[in-house]
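Peer 1: Just to be clear, the model below is a prediction. Sequence and coordinates:
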Amino acid sequence: MLELKDVDTAYGPVPMLRAVTMSVQPGELVCLLGPNGAGKTTTFMTVCGVVRAQRGRVEVMGRDLASLGTENLAALGVGLVPEGRRLFPSLTVQENLRLGYDAVSGRGPDFEPQLDKMCHLFPRIRERLRQVAGTLSGGEQAMVALARALIGEPRLVIMDEPSLGLSPKLIDEYFEITKEVHRRGTTILLIEQNAEMGLGIADRGYVLVKGRVAQEGPARELLSSKAARSLYL
Ligand SMILES: Nc1ncnc2c1ncn2[C@@H]1O[C@H](COP(=O)(O)OP(=O)(O)OP(=O)(O)O)[C@@H](O)[C@H]1O
C-alpha cells in the first residue's frame, strides 16, 4: 500500500532522508520510530507529497506519488493524521468531520451514518459535535483528528506522532482505538516516539536515525533487541 524505494530528501542544501526504503503491506500496522530530528515528520511529508523526494520513488496504492499529487490521496483511500492535529479551529467538530468525509466521497449522501459510526468509536466526540474545534482540549482534538481521517473509511491511515502531548491515560485510550481500527482491517503507518507503545501494537517497525533506516524488523524483535533499544530509547 505504501512503498519508499531509496528515497533522498533535502531542505535546500541540507540533506535529510538518505536512501530510505520501507514498505507497508495490506493489513499491517507498521511503526516508524526515531529520536527527535530523525526525519519522521519529513517522512510523513514525503509520503504525502508535500516534501518532494529528490531521488528514489514513493508509491501509494501501487501508484507513483510524483504523478499522483497530494490532493488525490484521500480519494485513493489514504487518511492522514498530521502532527499537531491541524483541525480547522473556527469550524465545529461536525464541520471538520464533514470536510474529512467530503475529501473522500466528493459530497456523498451517507455522511450521517458515518458520523454516527465515529461517535461510537469516539464517545467523547458525540457531545462536542457543535463545539468549535479550537476550544477542544488537546485530547479531544487528537480524537477528532483521527476521526476526520477515518470517516471516509480509508484503506491506509498514516499518523504522525498522534500521542504527542496526551496524558498517559489518554495515550492508553488512543492506542486502544488505534488497535481496534487496525483489528477491523485498516492498514496503518504509525509514526511514533513512544517506542514501547508503538511497537506494542505494531506488526513491524523501522527505526530512523539521522535520516537513515538504522534498524527494521518484526515489532517484537525490535522491542527486545538491545541494539534497537539503544537507538530509540
Ligand atoms: N521546512 C524545513 N526547512 C529546513 N529544515 C527542516 C524543515 N523541516 C524540518 N527540518 C529539519 O529536518 C530535521 C528533521 O525534522 P523532522 O521534523 O522530520 O524530525 P522528526 O523526527 O519528526 O522530529 P520530532 O520527533 O522532533 O518531531 C530537523 O533537523 C529539522 O530542523
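Peer 2: Thanks, I have the structure now. Numbers count the residues shown, from 1 in each chain.
Peer 1: hey, let's count contacts and neighbours off CA atoms from now on
Peer 2: Will do.
Peer 1: Kindly state the domain boundaries assigned to this protein.
Peer 2: The record assigns the chain these domain ranges, following automatic domain parsing: 1-10+18-77+154-233, 87-153.
Peer 1: could these go into a markdown table alongside mean pLDDT and mean neighbour count?
Peer 2: Listed next are the domains of the chain as a markdown table, based on pLDDT from 0 to 100; neighbours: other C-alpha atoms under 10 Å:
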| stretch | mean pLDDT | mean neighbour count |
| --- | --- | --- |
| domain 1-10+18-77+154-233 | 92 | 19 |
| domain 87-153 | 90 | 18 |
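Peer 1: At the contact with the ligand, which residues of the chain appear?
Peer 2: 11, 16, 35-42 (C-alpha under 6 Å from any ligand atom).
Peer 1: Give me the subset of those residues lying in strands.
Peer 2: Among those, the members found in strands (DSSP state E) are residue 11.
Peer 1: Find the pair from the residues of the chain next to the ligand with maximum spatial separation.
Peer 2: Pairwise distances across these (C-alpha to C-alpha) peak at 18.8 Å, for the pair 11 and 35.
Peer 1: Report the beta-bridge partners for the residue nearest to the spatial centre of the chain.
Peer 2: By C-alpha atoms, centre = their mean, the chain has its centre lying nearest to residue 159, at 1.3 Å. Residues in a beta bridge with residue 159, per DSSP bridges, are residue 81, residue 190.
Peer 1: That one: what's it in contact with?
Peer 2: 80-83, 188-191 (C-alpha atoms under 8 Å, 6 or more residues apart in numbering).
Peer 1: hmm, try it at 6 Å
Peer 2: By C-alpha atoms under 6 Å, 6 or more residues apart in numbering, residue 159 lies in contact with 81, 190-191.
Peer 1: who's in contact with stretch 7-19?
Peer 2: For stretch 7-19, the surrounding residues in contact (C-alpha under 6 Å, 6+ apart) are 6, 20, 53-56, 211-212.
Peer 1: brain fart, stretch 91-110
Peer 2: 74-75, 129-133, 148, 151-152.
Peer 1: got the CA positions of it in CSV?
Peer 2: This file holds the C-alpha atoms of stretch 91-110, laid out as CSV (Å, rounded to 0.1, in the frame of the first residue of the first chain):
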residue,chain,number,x,y,z
LEU,A,91,-15.1,25.3,12.4
THR,A,92,-17.2,22.9,14.6
VAL,A,93,-16.2,19.3,15.2
GLN,A,94,-19.0,18.2,12.8
GLU,A,95,-17.8,20.6,10.1
ASN,A,96,-14.2,19.3,10.5
LEU,A,97,-15.5,15.7,10.1
ARG,A,98,-17.6,16.7,7.2
LEU,A,99,-14.5,18.1,5.4
GLY,A,100,-12.8,14.7,6.0
TYR,A,101,-15.7,12.9,4.6
ASP,A,102,-16.2,15.1,1.6
ALA,A,103,-12.5,14.9,0.7
VAL,A,104,-13.1,11.2,0.1
SER,A,105,-16.6,10.9,-1.2
GLY,A,106,-17.0,14.1,-3.2
ARG,A,107,-20.0,15.0,-1.0
GLY,A,108,-21.7,11.6,-0.8
PRO,A,109,-25.2,11.3,0.8
ASP,A,110,-24.1,8.9,3.6
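Peer 1: Give me the helices and strands touching the longest helix seen in the chain, please.
Peer 2: If you go by DSSP state H, the chain has its longest helix at helix 168-183. Contacting helix 168-183 under the criterion 3 or more C-alpha pairs under 6 Å, 6 or more residues apart in numbering; DSSP states H and E is no other helix or strand.
Peer 1: Show me how far it is from its chain's centre.
Peer 2: Centroid separation for helix 168-183 versus its chain: 13 Å, with C-alpha atoms, centre = their mean, to the nearest Å.
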